[in-house]
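A.B. asks: sequence unknown, structure follows:
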């Protein structure tokens, strides 16, 4: 059964949601039946990389709140993240357009490394203060998680996987997703936000149980003359 997750690298709740979902998966006894697929989403596709604003200034302008309130909001989410073992250094965060980082994730998905790419990019942004719009940074991150250097260089020197990113964003709109993180279970149930692990576990049990009931029970075989590999005919 597939769980699809729409996320943006610069979303602090998406990193928190990832950890909480992972905690639910660790408790889920049938985790082997679950396939996870990450999808691209941009909270602000209009961001111009290299504009010079720090995260607090950016949020103050975008949300229309005082600078001090933006700092307080981020302090609260930073404290919550720390309870999950995540380190948020918001004052170091480089506000940049996430589109190219999403292209990297799409390349990683091709190599079954989508989750690794999400994890590494989250850490690069929230903990290390790296600029995920910088081509050299993207190549370094891609190599770190095991992507071929030749494909990474082709990625940063082209618009490869741009249609895949746009397709994910369009699909989110079609599903009525207007915020992230957003988790879709078997295209039947949607969970919005970084919910508690108990909530994810409840939906996993329900959706996987229903999915299993919908699967064919197996072949009904009508016996006849056959030959087997041992030569018995």
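C.D. replies: Perfect, I can see it now. All figures in this text were calculated on a predicted structure; none of them were measured in a lab.
A.B. asks: where along the protein do the strands fall?
C.D. replies: For the chain, the strands defined by DSSP state E occupy 2-7, 35-40, 182-185, 189-192.
A.B. asks: where does pLDDT dip in the chain?
C.D. replies: 51, 217-221, 228, 231, 233 (pLDDT under 70).
A.B. asks: let's see it at 80
C.D. replies: Residue ranges of the chain with pLDDT under 80: 49-52, 215-233.
A.B. asks: how are the helices of this protein distributed by residue range?
C.D. replies: Taking DSSP state H as the criterion, the chain contains helices spanning 12-27, 55-63, 67-82, 99-110, 114-126, 135-144, 149-156, 162-174, 197-214.
A.B. asks: for residue 45, find the nearest of those.
C.D. replies: Counting by C-beta to C-beta, residue 45 lies closest to helix 99-110 out of the helices of the chain; the figure is 6.9 Å. C-beta here means a position set from N, CA and C on the backbone, and glycine is covered the same way.
A.B. asks: before we move on, back to that, could I get the helices of the chain as JSON lines with mean neighbour count and distance to residue 43?
C.D. replies: Formatted as JSON lines, the helices of the chain follow (neighbours: other C-beta atoms under 10 Å; distance: least, C-beta to C-beta, whole Å):
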{"stretch": "helix 12-27", "mean neighbour count": "20", "distance to residue 43": "9"}
{"stretch": "helix 55-63", "mean neighbour count": "17", "distance to residue 43": "9"}
{"stretch": "helix 67-82", "mean neighbour count": "15", "distance to residue 43": "14"}
{"stretch": "helix 99-110", "mean neighbour count": "23", "distance to residue 43": "11"}
{"stretch": "helix 114-126", "mean neighbour count": "22", "distance to residue 43": "12"}
{"stretch": "helix 135-144", "mean neighbour count": "17", "distance to residue 43": "19"}
{"stretch": "helix 149-156", "mean neighbour count": "14", "distance to residue 43": "22"}
{"stretch": "helix 162-174", "mean neighbour count": "16", "distance to residue 43": "11"}
{"stretch": "helix 197-214", "mean neighbour count": "16", "distance to residue 43": "22"}
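A.B. asks: re the thing from before, can I get the strands of the chain in TSV including mean neighbour count and distance to residue 170?
C.D. replies: Output for the strands of the chain, formatted as TSV (neighbours: other C-beta under 10 Å; distance: least, C-beta to C-beta, whole Å):
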stretch	mean neighbour count	distance to residue 170
strand 2-7	21	12
strand 35-40	18	10
strand 182-185	22	14
strand 189-192	16	17
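A.B. asks: just tell me which of the ones you listed ends up closest to residue 56.
C.D. replies: Using C-beta to C-beta, the nearest of the strands of the chain to residue 56 is strand 2-7, at 22.4 Å.
A.B. asks: chain center to the closest one: distance?
C.D. replies: How far strand 2-7 lies from its chain's middle: 7 Å, per C-alpha atoms, centre = their mean, to the nearest Å.
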